[in-house]
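Asks: predicted model, plus sequence, below.
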Amino acid sequence: MKKHFLFLFLFSFIHAFPAFSQEAKYIFYLIGDGMGLNQVNLTEIHQAETQHKSNPTPLVFTQFPHVGFASTHSLSNGVTDSGAGGTALAVGKKTKNGVIGMDSTGTIPYKSIAYAAKEQGKKVGIITSVSIDHATPASFYAHQPDRDMYYEIGHEIINSNFDFFGGSNFLKPETTFDGKKAASLRPLLEKAGYTIVKGKDAYSKKSNKADKMIFMNSDGTPADALKYAIDQKPEDLKLADLTAAAITALHQDNSKGFFLMIEGGKIDWACHANDAATTIQEVLDFNASAQLAYEFYQKYPKETLIVVTADHETGGLGIGNGSSSLKTKILSHQKTSQSELSNAIGNLRKDRPNATWDDLKNLISLQTGLFSKIEVPETDRKALQNAYQKSFVDHQNETAKSLYASDDKIAALSISILNRMGSISWASNNHSAAYAPVYAIGAGSELFNQKMDNTDIPKKIATAAKLTLD
């Protein structure tokens, strides 16, 4: 009888705590910058509407079995920035806005979960759709009192000795924070053993010839970020390309596992611009990387942990702005980002100084569907026509500024009209204090099935992988 009772007890214990019998050997940590729950929800709703389905079409990570949510405030503010938010997700401690991987005084460095993984012998990768020295990726490898210390942040890659970095480029590879000329980062990184690969063609030639790699966009492309997904062409470098390359590099000849942080950085940028259609495509772009992580998990389900979250929400996105009917399908008429529409309007003004209202209206129609596929209310038509008068006739070129862009006012007004007609509203052009969603699957994933603070997330990853974070 006693043996029977013991057997039942052990059987119940094992089934109640299945994940703790297996350590997370492979860790995927995906961060959608600015991706609140409504950004995810809008993407699923829009996918369903465009596919003529009655229920939202799920993203890969929203199907993960364990779901929670996290508070995101910083030590200094109720609304965090990406420096403090990224630091909380990387090191498990609060700091003030603007600080990278350090305490609020900017004097005490904190160890990130990426360094903890490296100490255990795992390979480490950090990739992003923006610049490698941007706040969120920087929080995993750098320690600086100011997120704008781009040169100093990039220089810390050398001491990190991490195995793979990917992103658009570096913002200030030859200029220090105080504006002084400095030794170029590229030769310094190469001397430290990194192979620098620029563009997909170069990667295909060097992918098997590097112990440590920095995979960036091609020369002549913007340093600050990859193109918005909505604007990308097949030949453009994508976050999924970086993800696939990182998985290959980190997994080959490796018996101890890896840690890979993947940031969808331009979700945040699109939300700062209050550009809903572009936001949707950025979330889908991020989801493509999550799909690659999930495919890896399917091969090694007992050894892999995937955690998907956000550093904060951006824009205070609202789905539904009055009517009980949603019309997000209208957003599918938008063919380019607000930024690219702004460029197109600027080119029209430059190339055709005498462009007529009909010329401008045709351009807006081509890029957004307004007028041709979507009937524009008279008040909105007059607002656009007045903006045309100021810009093209009176030559008073007005702009709409957000954190990462200064767009033509006509472009911003056009996208605003499209958003409203597509049932979308925005609270601001900046971050909000909304909870960040958390999704998890794999070894230790049941740890994330609750409400938590953002600082809890790396601690739970450390527990699942048996890493020492403090």
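Replies: Sure thing, it's come through. Predicted model, so just to flag it, every value in this text is computed and none were measured.
Asks: count the residues that sit near the nearest residue to N77 once chain neighbours are set aside.
Replies: Distances taken as CB to CB, 6 or more residues apart in numbering put N97 closest to N77, at 5.3 Å, once the chain neighbours are dropped. Heads up, the C-betas are built off the backbone N, CA and C, glycines and all. Around N97 there are 19 other residues, counting by other CB atoms under 10 Å.
Asks: surely N97 and H73 touch.
Replies: No. N97 is beyond contact range of H73, at 10.1 Å (criterion: CB atoms under 8 Å).
Asks: any shared contact partners between these two?
Replies: Common neighbours of N97 and H73 are listed as T80 (criterion: CB atoms under 8 Å, 6 or more residues apart in numbering).
Asks: what about the spatially closest residue to G265 that is not a sequence neighbour, neighbour count?
Replies: Distances taken as CB to CB, 6+ apart place V130 nearest to G265, at 3.5 Å, with adjacent residues excluded. When neighbours are counted by other CB under 10 Å, V130 registers 27.
Asks: quick check: V130 touching L226?
Replies: Yes. With contact defined as CB under 8 Å, V130 counts as touching L226 (7.5 Å).
Asks: so which bits of stretch 346-355 are buried?
Replies: Neighbour counts over stretch 346-355 (16 or more other CB atoms under 10 Å) mark G346, L348, R349, A355 as buried.
Asks: residues touching the residue lying closest to the second one once chain neighbours are set aside, list them.
Replies: Pointing back at L348 there. Spatial nearest neighbour of L348, excluding adjacent residues (CB to CB, 6+ apart): A355 at 5.4 Å. When contacts are counted by CB under 8 Å, 6+ apart, A355 touches L348, R349, F392.
Asks: next, S402: phi, psi?
Replies: Backbone torsions of S402, given as degrees, to the nearest 10, read phi -130, psi -180.
Asks: bridged to it, which residues?
Replies: Counting by DSSP bridges, S402 forms beta bridges with A405.
Asks: okay, now it: neighbour count?
Replies: Applying other CB under 10 Å, we find 22 residues neighbouring S402.
Asks: verify the stated contact: it with N274.
Replies: Yes. If you go by CB under 8 Å, S402 and N274 touch, sitting 7.5 Å apart.
Asks: what sits in contact with each of those two?
Replies: N429.
Asks: on that earlier part again, just the buried residues of stretch 346-355 now: which is nearest A202?
Replies: Distance to A202 across those (CB to CB) is lowest for G346, with 31.4 Å.
Asks: check contacts around that closest one.
Replies: Taking CB under 8 Å, 6+ apart, one finds D408 in contact with G346.
Asks: ranges for the strands of the stretch 101-250 of the chain?
Replies: 123-128, 164-166, 194-198, 212-216 (DSSP state E, counting those that start in this stretch).
Asks: to Q334, which of these lies closest?
Replies: The nearest among the strands of the stretch 101-250 of the chain, by CB to CB, is strand 123-128 at 24.5 Å.
Asks: can you give the strand pairings for the closest one, parallel or anti for each?
Replies: Strand 123-128 pairs in its sheet with strand 164-166 (parallel), strand 258-264 (parallel), by DSSP bridges.
Asks: what's the closest of those to F215?
Replies: Comparing the strands paired with strand 123-128 against F215 with CB to CB, the closest turns out to be strand 164-166 (4.3 Å).
Asks: check which residues of stretch 136-148 are buried.
Replies: Buried residues in stretch 136-148 (16+ other CB under 10 Å): T136, P137, A138, S139, F140, Y141, A142, H143, Q144, P145, R147, D148.
Asks: give the contact list for the nearest residue to the second one once chain neighbours are set aside.
Replies: To tie it back to what came earlier, the one meant is P137. Spatial nearest neighbour of P137, chain neighbours left out: T128 (4.5 Å); criterion: CB to CB, 6+ apart. T128 makes contact with H134, T136, P137, G166, G167, S168, L239, L242, I262, E263, G265, according to CB under 8 Å, 6+ apart.
Asks: understood, closing this out.
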